[in-house]
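In: Got a sequence here, can you build the structure:
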Amino acid sequence: MEDKVITLKNYDTMVDAMVDQEVLHVNEIECFIGNEQLVELYPMFSDIGDGLKIVVFEKDFEKALQLLEEYHAQDEASDLEE
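Out: Model prediction:
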């Protein structure tokens, strides 16, 4: 059986995509950044279509989404404390 890959989330900047990619890798979820080369070569494409996106296996989608939500909630909470 072949695992299907799906888009988890779209991004405006490479930095945001790379942070989330690292969060997923640390939690042992395989993922990659799609459209990376296109956007790096032609930044004007970041506003067109999907722009940058993180792609995961469909079986990991729910867990990956939950991990990123928890990570960003903690990040926002620590920003509020400062």
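
In: can you count the residues close to residue 54?
Out: Number of residues near residue 54 (other CB atoms under 10 Å) recorded here: 23. Quick note: C-beta positions are derived from backbone N, CA and C, even for glycine.

In: residues in contact with it?
Out: Taking CB atoms under 8 Å, 6 or more residues apart in numbering as the criterion, residue 54 is in contact with 7, 8, 9, 11, 17, 20, 21, 24, 31, 32, 33, 34.

In: If I look at the nearest residue to residue 27 once chain neighbours are set aside, what pLDDT would I see?
Out: Nearest in space to residue 27, with sequence neighbours left out and distances taken as CB to CB, 6 or more residues apart in numbering, is residue 67 at 5.3 Å. Turning to residue 67, the model gives it a pLDDT of 97.

In: could I get the contacts of residue 54 as a markdown table with pLDDT?
Out: Formatted as a markdown table, these follow (pLDDT from 0 to 100):
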| residue | pLDDT |
| --- | --- |
| 7 | 92 |
| 8 | 95 |
| 9 | 93 |
| 11 | 88 |
| 17 | 90 |
| 20 | 97 |
| 21 | 96 |
| 24 | 98 |
| 31 | 95 |
| 32 | 90 |
| 33 | 88 |
| 34 | 82 |
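
In: nearest to residue 71, of these?
Out: residue 20 (7.7 Å; CB to CB).

In: Show me what the helix or strand that closest one falls within is packed against.
Out: Using DSSP states H and E, the secondary-structure element containing residue 20 is helix 14-26. Here helix 14-26 is seen to pack against strand 5-11, strand 31-34, helix 36-41, strand 52-57, helix 61-81 when contacts are counted using 3 or more CB pairs under 8 Å, 6 or more residues apart in numbering; DSSP states H and E.

In: Would you mind finding the most buried of the ones you listed?
Out: For the helices and strands packed on helix 14-26, ranked by mean neighbour count under the definition mean count of other CB atoms under 10 Å, the leader is strand 52-57 at a mean of 20.
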